[in-house]
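Colleague: using only what follows, build the 3D model:
(chains A, B and C)
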Amino acid sequence: MILAESVTKQYGAAAVVDEVTASIREGTMTTFIGPNGAGKSTLLSMVSRLLKRDGGSVSIDGMPMEHFHDKELAKKLAILKQSNEMNVRLSIYDLVSFGRFPYSRGRLTAEDRRVIDESIAYVELESMQNKYLDELSGGQRQRAFIAMILAQDTDYILLDEPLNNLDMRHSVQIMKVLRSLVDDLGKTVVLVVHDINFASCYSDFILAMKNGKVVKEGRTWEVIHPDHLKEIYDMDFQVQEINNQKICVYFS
Amino acid sequence: MKLRYAVLLLCALSFSSLFVGVSSLSLFDVWQMTEEQRQIFWSSRMPRLLSILMAGAGMAIAGLVMQQLTQNKFVSPTTAGTMDAARLGMLVSMLAFAGASSLVRISVAVAFAVAGTFIFMYILERVRGKDPIFIPLVGLMFGNILGSITMFFAYRYDLIQNMTAWLQGNFATIITGQYELLWFVVPIVGFTYWYADRITVVGMGESFAKNVGVSYRTVVNIGLILVAVMTSLIVLTVGMIPFLGLIIPNIVTIFRGDHMRKNLPFTAVFGAIFVLVCDLFGRTIIYPYEIPIGLTVGVIGSGLFLYLLLRRQRYGL
Amino acid sequence: MGSKWKIILLILVTLVLSTVFMTIGADGNWEYVLPRRGKMLAAFALTGGAIAYSTVVFQTITGNRILTPNIIGLDSLYLLVQTFIIFVFGSLSFVMTTANVNFVLSSFIMVGFAFLFYKLLFRGEKHQLYFLLLVGFVLGTFFSSLTTFMQVLMDPNEFQTVQNRMFASFQRVETDLLFITGTVFAILTLLGLRYRPYLDVIALGKDHAVNLGVPYDRIVKRLLILVAALISIATALVGPIMFLGLLVANVTYELMRTYEHRVLLPASMLVGMSSLLLGQLVVEHVFTFNTTLSVIINFVGGVYFLWLILKERKS
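Modeller: Numbering: from 1, shown residues only, chains lettered A, B, ... in the order given. Predicted coordinates for the structure are as follows:
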């Protein structure tokens, strides 16, 4: 379990994340939702140690994050940010093999190669594993990065807006991969998503933020409710059940 | 601060500038100058003051225009290779057009400055990751490249000592007959003022400019030519004055906001005041010797630039 | 061609160039030629290697191929120190005439400056690399202003000595200095090799590196100080050559076409040494000493580099 307690981040006088306390359960998919500037990505960055906190604490499986050795933490928790501009030209295979760095420091063992092959297969990129990243489409790139994180073989996988810039087909593809990570491999997935219906259809838990605070937290089925959504987004929603999934309609 | 007070301050400083120097010439002598004093007044003191005013205002405005065009607070003729390009041009004109008239040689230097500035803009469009702090680094590197090319030829033709002299801005050697070129700065500044709104529009981006019916390319090109011509005229007559175009517009922006046409007079006046103060300082601190303006501005300017950088780091400029 | 073969080829090129340099136009004067040129060869190997190594590491850290570690004003500081000594004590003073003393003094001042610089600016969390470099560059301009000022006030004969210092010289190097720097470089390079595995990951960018368990801040700080030390000592040994590192690093990337530092680092060191050898041959036999090595390296480096950024596709 990841436990964040009164975590705070301030820029100048403004608190972007204001004493947020939240927990993430093992073996589930949790989605952070909320309007722009609510502090979702900042919270995710702090939980994944990319960003230093101005206050509060984060613990992973009962141990404070600071007590982990860098290498051990990298085997426990992986984070993928939304922009992945690279200065180096890498093939998919090269990129994914970086996921094994915490284990083998760049000298790949047979075990590493097995994991790399599996990860690439999992996102269905075997046929193009020697292609370079700059030759790929947005969806393929995103899958390649997810494969890297898979190769890292961590219990926790955090993703910041993984659907950004992807069309519908690729978005569904990515979400299905993430879902199967939870269902088949027992991983814990945390992500920031803008499309409320993706959150509703795929995640187990939802954590809704607004102005740096958590305004709603709970099972997806409970949070997706017109009253709660209005509170989060300040607009009216209709929620309809289609094929046992709650779909939000908010276009008019 | 009202513009009026700034202008008053400028007048007072200008006045005192006229009466500081090795040869005695006090305020009380004005009405009964000896022939020698009159000589000094008209052929040395006055030209010096005028060139300070024009160079200070010109460099500050050149910086302002560049910052508007690139939408980057840290771009100026010093950090965009314009000065180094002008210097390379001077060297080339000395080598290749040694016998030609001064007009030809000046045109060569100006042409190099224009070309250098355009290349910088071309590079800007191509560098990845437009971190605002990265852009001036690119420009400074570009300036160094031009500097190394200049050095190559200067070494071969044994002109390094001359080059060192150009490196350092200096008003001490300004006398009648050597600074008149700077008068061109006045119409250029006037034109810039008239053109300011278009430059502001272009600064908002290509699509914005097109949307309000302004030809993006034309305005950018004209703006860059204005900057390059102004810079090379100043480098040719007084030498390099580093950081001036960077710090003055930034300081004006801090307390006046970003409207270019309204800021332009302030920028010009403060540029002139700044150079005047540095010059007076350099003339009096080790009197009767003089510290060249390049050094005083270099030291004070880099200090102020560091302050601006740190300030931006803390508050965001 | 595999990386291994490319490296072997580079070794061959370096060997051929070294042989040509050692033997060309010797006319049987071996007793005179060999020790003299041997000394220069060693200086080429040391400075070429050190500058190449540190530039590649620096560019990996900054995630940028158009910056050089000299950018924090080390060259300007070197010239300031030299000019200051001549200005205050004269060109015939003990410090100027005794190369060892001058070397130790200059390198201590530069390494000390770099150390303080990074120490001060890495305090606090909000540091950004580019910000750091720009501050360094401005400091460099500040040093240059002071230098130019002293030069203008200087006696023309004294200025001649300063001018000599403005350009790197490999003839000037003393034999015992070569042993000292050789040892120091070896130690620093070996220290750096401890971090070699991290470099590939650091090249992916800070977020990825942290995610993959690299203690980013600590390692980057140590590497930057290491780089500054290498550059400072190389500069104190022969003088400033700003664009050598830039030239060598970029030629290496074009040649090797890989991201692996296991390959890049040794390759760049070989390219560094070969460029200096080639440059020296050109100076001696094409320009017949009518220019200096550092001027020509900076010229070629500058032009190559300009071409490199101009051909970069619009992003």
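
Colleague: quick one: the strands in chain A?
Modeller: Secondary structure of chain A (DSSP state E): strands located at A:2-11, A:14-24, A:29-33, A:55-60, A:63-64, A:77-80, A:156-160, A:188-192, A:205-210, A:213-219, A:238-242, A:245-249.

Colleague: which residue is the nearest non-sequential neighbour of the residue of the stretch 151-300 of chain B found nearest chain C?
Modeller: Evaluated by C-beta to the nearest C-beta, the stretch 151-300 of chain B has B:G298 as its residue closest to chain C, separated by 3.0 Å. Where you see a C-beta, it was placed from the backbone N, CA and C, and this is true even at glycine. Spatially, and ignoring its direct neighbours in sequence, B:G298 is nearest to C:S145 (3.0 Å; C-beta to C-beta, 6 or more residues apart in numbering or on different chains).

Colleague: ok, now which ones touch that neighbour?
Modeller: Listed by C-beta atoms under 8 Å, 6 or more residues apart in numbering or on different chains, the contact partners of C:S145 are B:P242, B:G294, B:L295, B:G298, B:V299, B:S302.

Colleague: redo that, cut-off 10 Å
Modeller: Neighbouring residues of C:S145 by C-beta atoms under 10 Å, 6 or more residues apart in numbering or on different chains: B:167-168, B:242-243, B:292, B:294-302, C:76, C:80.

Colleague: again, but for C:S144
Modeller: Neighbour list for C:S144: B:167-168, B:242, B:294-295, B:298, B:302, C:73, C:75-77, C:79-80 [criterion: C-beta under 10 Å, 6+ apart].

Colleague: picking up where we left off before, looking at the contacts of C:S145, which are in helices?
Modeller: Secondary structure defined by DSSP state H assigns B:L167, B:G294, B:L295, B:T296, B:V297, B:G298, B:V299, B:I300, B:G301, B:S302, C:S76, C:L80 of these to helices.

Colleague: low-confidence ranges in the stretch 1-150 of chain B?
Modeller: Counting by pLDDT under 70, the ranges of the stretch 1-150 of chain B that qualify are B:1, B:21-33, B:128-130.

Colleague: which stretches of it form helices?
Modeller: Counting by DSSP state H, counting those that start in this stretch, the segments of the stretch 1-150 of chain B that form helices are B:3-18, B:35-40, B:46-70, B:82-96, B:102-126, B:134-156.

Colleague: buried stuff in the fourth one?
Modeller: Pointing back at helix B:82-96 there. When neighbours are counted by 16 or more other C-beta atoms under 10 Å in any protein chain shown, the buried residues of helix B:82-96 are found to be B:82-94.

Colleague: for A:L166, state which of the residues you listed is nearest.
Modeller: Closest approach between those and A:L166, by C-beta to C-beta: B:T82, at 43.4 Å.

Colleague: nearest residue to the middle of chain A?
Modeller: Chain A has A:L159 as the residue nearest its centroid, 2.2 Å off, counting by C-alpha atoms, centre = their mean.

Colleague: go ahead and confirm that one touches A:I79.
Modeller: Yes - between A:L159 and A:I79 a contact is recorded at 7.6 Å, counting by C-beta atoms under 10 Å.

Colleague: the residue in chain A positioned nearest to chain B: neighbour count?
Modeller: Of chain A, the residue with the smallest distance to chain B, taken as C-beta to the nearest C-beta, is A:E85 at 7.0 Å. A:E85 is surrounded by 9 other residues when neighbours are defined as other C-beta atoms under 10 Å in any protein chain shown.

Colleague: cool, thanks, talk later.
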